[in-house]
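*Asks:* Got a predicted model here, sequence first, then my questions.
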Amino acid sequence: MNPVRSFTLIPVVVLVALSAWSVAPAQEARLEPGMVNPGWVEPPPWFHESFLDIREDVQEATDAGRRLMLYFYQDGCPYCEKLVRDNFGQRDIADLTRRHFNVIAINMWGDREVTDMAGHDTTEKDFARDLNVQFTPTLLMFNEEFQVVGRINGYFEPHRFRAALSWIGERRENDISFQAYFEQLSPEPATGVLHARDGWLQPPHDLASALREDGRPLLVLFEQAQCSACDELHLDILARPDSEALLARFQVAQIDVAGRDRVITPEGEQTSAAAWARDSGVLYTPTLAFYTPEDGEVIRAEGYLRTFHVQSLMEYVLTGAYRDEPELQRYLDRRAQSLYEQGIEVDLMD
């Protein structure tokens, strides 16, 4: 069994977004004993109040012709703030959300009592852990059968978030994939090229052999040509000297999510690039999937990442820290605090 994963793939679909981790290295937000992440962003007033009996919340939403959305947050999370202010702060997005969903906020470190879908009493933090919530914000959308039909791990930019709300809210998840639905809309501006590098593994990929024979961890980049976040990852974040040094310690395979190249996956299955991406639940590009020879897939981060997050993920895997600290948020908090104590300021959006 793998020691840690970024999230559990939940039927019917997982929408993957910006993987947002909260750290607080600056002096005005420095962690104090007993605190996890300082800071608080007030949710919109139209969020629903709840006794956190999830079964009752699903039924209430169903009776109103809507679906239940659970919003997992943590204090001091900059991407939670972006979600609340940049997304829900737009009138059309707020109206779209209210039309299709009852939204309830849950603190991933909170102690309020929750009754889960099976009727078991637990706490917010244990409920989040049971659902493998590693990123904030995380949004879970439930149907009337108490099943999770949509999951957004992290932050979607407003145009993509708007599409996701419509896709799940209009119950299209069984009719069309989100990627196909999103591509029907106006394409995002991008260079239109895949940014491959010399020295990376070349197709057709035999990733099982590469992982077994090389000994270095494997980083799989699921990407597509028309992807502005992929452009930013390659032309900025991975081009920085510290990122280059970390990246050199990985084998890297770039997988075109629309490609036909043959692939032998790290698990030894023979498939195509597009089929592997689809069967793995990759619905956002870029997706970064990390494997080690000892543990297989260690962690997966999907969506828009900035420099601190990308470098932290690489160090998390390279140092084997995931074995001792399976909760990524705590690792990131400690790493940010360590950098702060060295006089290095961490800007999460740099």
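*Replies:* That came through fine. Because the structure is predicted, anything quoted here is derived from the model rather than measured.

*Asks:* What strand or helix carries residue 141?
*Replies:* Using DSSP states H and E, residue 141 sits in strand 138-142.

*Asks:* buried sites along that strand?
*Replies:* Neighbour counts over strand 138-142 (16 or more other Cβ atoms under 10 Å) mark 138, 139, 140, 141, 142 as buried. Using the backbone N, CA and C atoms, a C-beta is placed for each residue, glycine as well.

*Asks:* Just the closest of those to residue 60, please.
*Replies:* Of all these, residue 60 sits closest to residue 142, with 11.3 Å by Cβ to Cβ.

*Asks:* Name whatever forms a beta bridge with the closest one.
*Replies:* residue 68, residue 148 (DSSP bridges).

*Asks:* State the distance from it to residue 149.
*Replies:* To residue 149, residue 142 is 7 Å away according to Cβ to Cβ, to the nearest Å.

*Asks:* Please enumerate the shared neighbours of the two.
*Replies:* Jointly contacting residue 142 and residue 149 under the rule Cβ atoms under 8 Å, 6 or more residues apart in numbering are residue 67.

*Asks:* still on that earlier bit, can you name every helix or strand that the strand holding residue 141 contacts?
*Replies:* Packing partners of strand 138-142 (3 or more Cβ pairs under 8 Å, 6 or more residues apart in numbering; DSSP states H and E): helix 54-63, strand 67-73, strand 148-153.

*Asks:* what comes up buried for the helix or strand where residue 243 lies?
*Replies:* Using DSSP H and E, residue 243 falls within helix 241-247. Buried residues in helix 241-247, counted by 16+ other Cβ under 10 Å: 243, 246, 247.

*Asks:* Stretch 63-83: end-to-end distance?
*Replies:* 27 Å (Cα to Cα, to the nearest Å).

*Asks:* And for stretch 233-245?
*Replies:* 15 Å.

*Asks:* relative orientation of the strand holding residue 141 and helix 54-63 in degrees?
*Replies:* 70 degrees (axes from the mean of the first three to the mean of the last three Cα atoms, to 10 degrees).

*Asks:* what about strand 138-142, average pLDDT?
*Replies:* Here strand 138-142 scores 94 as its mean pLDDT.
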